[in-house]
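> Fold the following for me, if possible:
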Amino acid sequence: MSNNDVEMIKRIYASFNARDIDAVLAVLSDDVAWANGMDGGHINGREAVRDYWTRQWAMISPHVEPVAFEETEDGAVAVEVIQSVFDLDGRPLEGQTHGLKDKTVTHIFRMEGDKIVRFDIQDAL
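Numbers count the residues shown, from 1 in each chain. Next comes the predicted model:
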């Protein structure tokens, strides 16, 4: 895991929290496989990620804060993340039916060169 990878991933979280979709999409491969935290499974491709976040941000206001970075045995970057999810007025969510909620999760980034090719979410390690 290089410092460049860690710095890029930190910028991704900052861009996501600022709702700067284009800054995040710029570092994704054209055919990225991206975990769908709301509905399960994966979506594929940059435009699918744009559509997913546009839909998500119309319903909720998530915030993700990376707190630890670790390289996995197979060379991916695992990031421990504190995930907080609010309604559009900034209040904690109640009674949501999707899979997003306040919790600590692990995000797994797989990269080829300077692009992310796969993103997965799992319960914190």
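
> low pLDDT regions in this structure?
Where the chain drops to pLDDT under 70, the residues are 1, 94-102, 124-125.

> now the helices for it?
For the chain, applying DSSP state H gives helices covering 3-17, 21-25, 46-59.

> Okay, buried residues for the longest one please.
The one in question is helix 3-17. Buried residues in helix 3-17, counted by 16 or more other C-beta atoms under 10 Å: Asp5, Met8, Ile9, Ile12, Tyr13, Ser15, Phe16. Quick note: C-beta positions are derived from backbone N, CA and C, even for glycine.

> again with stretch 61-74
Within stretch 61-74, the residues scored as buried using 16+ other C-beta under 10 Å are Ser61, Pro62, Val64, Pro66.

> what's in contact with it?
Defining contact as C-beta atoms under 8 Å, 6 or more residues apart in numbering, one finds that stretch 61-74 is touched by 1, 6, 9-10, 13, 16-17, 56, 77-88, 90, 100, 107-108.

> for Arg46, what are its contacts?
Counting by C-beta under 8 Å, 6+ apart, Arg46 makes contact with Leu25, Leu28, Asp30, Val32.

> returning to what we had before: save the buried residues of helix 3-17 as TSV, and put in distance to Gly37 too.
Formatted as TSV, the buried residues of helix 3-17 follow (distance: C-beta to C-beta, whole Å):
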residue	distance to Gly37
Asp5	22
Met8	20
Ile9	16
Ile12	15
Tyr13	14
Ser15	17
Phe16	12
